[in-house]
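Participant: Fold the following, please.
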Amino acid sequence: MAQISDLPPPKPIQDRSLGPLRTVMGTLTVERIQSFLMLGLFEWSQENAPSAWMYLGIAIRMAKLMRLEQDGRRMAILENQASDTKRFEKRSPEISIIRETRRRTMYSCFILDRLMSFGSERPLSIAVESMLIQLPCSEMAYDLSLEVYTGLLQPYEGSSQPQINDDSTLSRFINLVEIWGEISRYSSMGGRLQETHPPWDPRSTFYKLQEKTNAFNEDLPGTFTLSRQNYYRHDNHQATSTYVSLHMLASVCQIVLNREYLPFLPLRSRGPQGPPIGNQTVLNFAPDRFWEESAEDVFQASRNIIDLVGLCKEKLPLSSLSIFSIWLAGFMSVYAHHFPQIDTSHRLRSEQAESPHMGENLSMLEQGQAGTVCQALRRAATYLPSAQRYLDNLEAVDRCFTQAKNSTHGSLSLRLGEVGHGSELNQTGSQDKQRRGVYDMHRTSRSPMSASPKTRNSHRPMLEEPPKPTSSTSKSQLSLLGIDEGPLAMDTPKLFVDNIETLESQRMSWVLKDLEAFSGAGSLRVAFLG
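Facilitator: Numbering: from 1, shown residues only. As a prediction, this is how the structure comes out:
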């Protein structure tokens, strides 16, 4: 019979209540950070946004507890203390690999932080000023354990830095991710609606972001620029994934930024022009060809994405970023097909437009630039649920634009379903009305089921609320009805639009909510029903 003294001591209550979670959270290692990053990345790709956001948060906090963002200073001190020992000299290649692995882990946290953050409900967790480590090195330097200097993400002001002697598409991608973070924040806060200066004024946020984006593209080394030759050059070294992601994101930056001044439904526009706002007189003094060049940037960036998709074929990186990029290019292709007067340089002109008898029995989504996009989304849908969602919306957008153009009375029955984290955009909408005074939406409290049968059964395009995700909080006895219906989500009032004019000049980001869908902060606002 066992004695009391022979029995193992009871486990603390916290160990029994948390189970393996306490073990996982109790040990800080780089490998554990990488594991949480991989979990977050996978959940993000599968549209499990709340889980992805929490996994990423754990990884970032672990990295901060390990002070990975300060490794540069700390490791320099250790190296100086051990520089005279033979033991350090023998292990220097190993230490170089360890240091670079830690740097890449921290910058992986930084990249996902910028891509998955959006607005006030998804704030950034890593300040760029806190990244006191040099950028990742090239693959060759990493493989050979070379001691190189790649520069800092944000160099210290007024301090001398060593000469940069190594460059890579990964380090360039990280610099671009920081610019994307600023563009995403700009859009989430209302984009052009928050501006007090016209977009060509150096004091405007739009102008500053455009300058940053252009400067980044102009500063790329010749071997990193977008070209068929450079693609195959990187393909020979199995390095196409970062190269493609770099140019996908560069194009996304151009599209999201410049579409701020493209109307959602340019039914009465004869060409690119500024959106109708309260201070229309100011926009009439735009520099020569300003609107044409801004629109051309959008269509050229979209064409770059489509060309990349055609180059990659089966080697296209299957990531949330690449699928989102393809969606943007696809939307602009549909947009250019229905409103060719905006695409003055014919960057996205389809073969069907050039030859009316070509593909008479094919939908515009099955040929030309849009066809390339849809084929890529169909292939990716096997692995990424978001691809099918984007594909469905492309088909619906095509129907919506077609019916909007065919509407003889200028009316359009629309239901904008505010789903997910939409509170910020609702605030933006109210700011829109206060600042410009021309986006007066007709809000009513009636439900769609209270409409007449004729209205309900009409074949006009209708923006319908997408299905809600299965809630994991509904099992809690402390859930609040109407608040905890979805994980970290709140419903907001429906918005009814009874006239085409109310959508003509709206911001594309506001109508589509695709930035929220990409980051995981919400869903695509609409599923268009014909």
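
Participant: hey, where'd the strands end up in the chain?
Facilitator: Per DSSP state E, the chain carries strands over the ranges 414-416, 462-464, 495-497, 527-529.

Participant: worst average pLDDT in the ones you listed?
Facilitator: Among these, strand 462-464 has the lowest mean pLDDT, at a mean of 39.

Participant: Point out where the stretch 201-350 of the chain drops to low pLDDT.
Facilitator: Applying pLDDT under 70 to the stretch 201-350 of the chain flags the ranges 276-282, 350.

Participant: how does it look with 80?
Facilitator: The model of the stretch 201-350 of the chain has pLDDT under 80 over residues 274-284, 349-350.

Participant: And the stretch 51-200 of the chain, by the same measure?
Facilitator: Applying pLDDT under 80 to the stretch 51-200 of the chain picks out residues 72-92, 156-161.

Participant: Go again with 70.
Facilitator: 75-91, 158-159.

Participant: where do the helices sit along it?
Facilitator: Ranges of helices in the stretch 51-200 of the chain, per DSSP state H, counting those that start in this stretch, are 71-82, 86-116, 139-143, 169-188.

Participant: ranking these by burial, who's on top?
Facilitator: Ranked by average neighbour count under the criterion mean count of other C-beta atoms under 10 Å, these are headed by helix 169-188 at a mean of 22. Any C-beta I mention is one placed from the backbone N, CA and C, and that applies to glycine too.

Participant: Also compute the angle for that helix relative to helix 86-116, please.
Facilitator: In terms of direction (axes from the mean of the first three to the mean of the last three C-alpha atoms, to 10 degrees), helix 169-188 departs from helix 86-116 by 30 degrees.

Participant: Helix 169-188 - contacts with which helices or strands?
Facilitator: In terms of contacts (3 or more C-beta pairs under 8 Å, 6 or more residues apart in numbering; DSSP states H and E), helix 169-188 is packed against helix 86-116, helix 205-219, helix 240-258, helix 514-519.

Participant: Between those helices, which one is closest to A381.
Facilitator: Nearest to A381, of all the helices and strands packed on helix 169-188, is helix 514-519, at 15.1 Å by C-beta to C-beta.

Participant: I would like the residues contacting the closest one, please.
Facilitator: Contacts with helix 514-519, where a contact means C-beta atoms under 8 Å, 6 or more residues apart in numbering, come from 115-119, 122, 184, 187-188, 256, 320, 324, 327-328, 331, 386, 389, 420-422, 425, 509, 522-524.

Participant: can you tell me which of the helices of the stretch 51-200 of the chain comes nearest to N236?
Facilitator: Closest among the helices of the stretch 51-200 of the chain, using C-beta to C-beta: helix 139-143, at 12.4 Å.

Participant: among the helices and strands packed on helix 169-188, which is nearest E139?
Facilitator: Across those, E139 has its closest neighbour in helix 240-258 (9.0 Å, C-beta to C-beta).

Participant: send the alpha carbons of that closest one over as CSV?
Facilitator: Output of helix 240-258 as CSV, limited to C-alpha atoms (Å, rounded to 0.1, in the frame of the first residue of the first chain):
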residue,chain,number,x,y,z
THR,A,240,10.4,33.5,-57.3
SER,A,241,8.0,33.6,-54.3
THR,A,242,9.5,36.7,-52.7
TYR,A,243,10.1,38.3,-56.1
VAL,A,244,6.4,37.8,-57.1
SER,A,245,5.1,38.9,-53.6
LEU,A,246,7.2,42.0,-53.9
HIS,A,247,5.7,43.1,-57.2
MET,A,248,2.2,41.9,-56.2
LEU,A,249,2.3,44.2,-53.1
ALA,A,250,3.9,47.1,-55.1
SER,A,251,0.9,46.9,-57.5
VAL,A,252,-1.6,46.6,-54.7
CYS,A,253,-0.1,49.8,-53.2
GLN,A,254,-0.7,51.7,-56.5
ILE,A,255,-4.2,50.3,-57.0
VAL,A,256,-5.5,51.0,-53.5
LEU,A,257,-4.0,54.4,-53.3
ASN,A,258,-5.0,55.7,-56.7
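
Participant: counting contacts, what elements does it pack onto?
Facilitator: Judged by 3+ C-beta pairs under 8 Å, 6+ apart, helix 240-258 is in contact with helix 169-188, helix 205-219, helix 228-236, helix 290-312, helix 320-338.

Participant: export the helices of the stretch 51-200 of the chain to a markdown table and tack on distance to V298?
Facilitator: Shown next, in a markdown table, are the helices of the stretch 51-200 of the chain (distance: least, C-beta to C-beta, whole Å):
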| stretch | distance to V298 |
| --- | --- |
| helix 71-82 | 39 |
| helix 86-116 | 21 |
| helix 139-143 | 33 |
| helix 169-188 | 13 |
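
Participant: among the ones you listed, which is nearest G40?
Facilitator: Taking C-beta to C-beta, helix 86-116 is the member of the helices of the stretch 51-200 of the chain nearest to G40, at 6.4 Å.

Participant: Might you report the residue contacts of the residue nearest to V30 when sequence neighbours are not counted?
Facilitator: Of all residues not flanking V30 in the chain, T105 sits nearest, at 5.4 Å (C-beta to C-beta, 6 or more residues apart in numbering). If a contact means C-beta under 8 Å, 6+ apart, then T105 has 30, 33-34, 37, 63, 68 as its contacts.

Participant: which of those residues has the most neighbours?
Facilitator: Most neighbours among these, by other C-beta atoms under 10 Å: A63, with 26 neighbours.

Participant: Quick check: that residue touching E69?
Facilitator: Yes - using C-beta atoms under 8 Å, A63 is in contact with E69, at 7.1 Å.

Participant: what residues do those two have in common as contacts?
Facilitator: Common contact partners of A63 and E69 (C-beta under 8 Å, 6+ apart): M106.

Participant: OK, contacts around Q46?
Facilitator: Q46 makes contacts with 384-385, as judged by C-beta under 8 Å, 6+ apart.

Participant: and if you look at A286?
Facilitator: 198, 200, 274.

Participant: mind giving me the domain ranges of the chain?
Facilitator: Here the domain parsing of the chain from automatic domain parsing is 11-155, 168-529.

Participant: Nearest to P162, out of these?
Facilitator: Nearest to P162 among the domains of the chain is domain 11-155; the distance by C-beta to C-beta comes to 4.7 Å.

Participant: quick one: the closest one to chain centroid distance?
Facilitator: Counting by C-alpha atoms, centre = their mean, to the nearest Å, domain 11-155 is centred 22 Å from the centre of its parent chain.

Participant: For A239, list the residues it contacts.
Facilitator: 139, 169.

Participant: quick one, phi psi at it?
Facilitator: phi -130, psi 30 (degrees, to the nearest 10).

Participant: Let me know the distance separating it from F224.
Facilitator: 11 Å (C-beta to C-beta, to the nearest Å).

Participant: Just the pLDDT for the closest residue to R122 other than its chain neighbours.
Facilitator: Spatial nearest neighbour of R122, chain neighbours left out: A521 (4.6 Å); criterion: C-beta to C-beta, 6+ apart. At A521, the model reports a pLDDT of 87.

Participant: My read is that A521 contacts G119, right?
Facilitator: Yes - taking contacts as C-beta under 8 Å, A521 lies within contact range of G119: 6.3 Å.

Participant: The two - which one has more neighbours?
Facilitator: Between A521 and G119, A521 has the larger neighbour count (other C-beta under 10 Å), namely 26 against 23.
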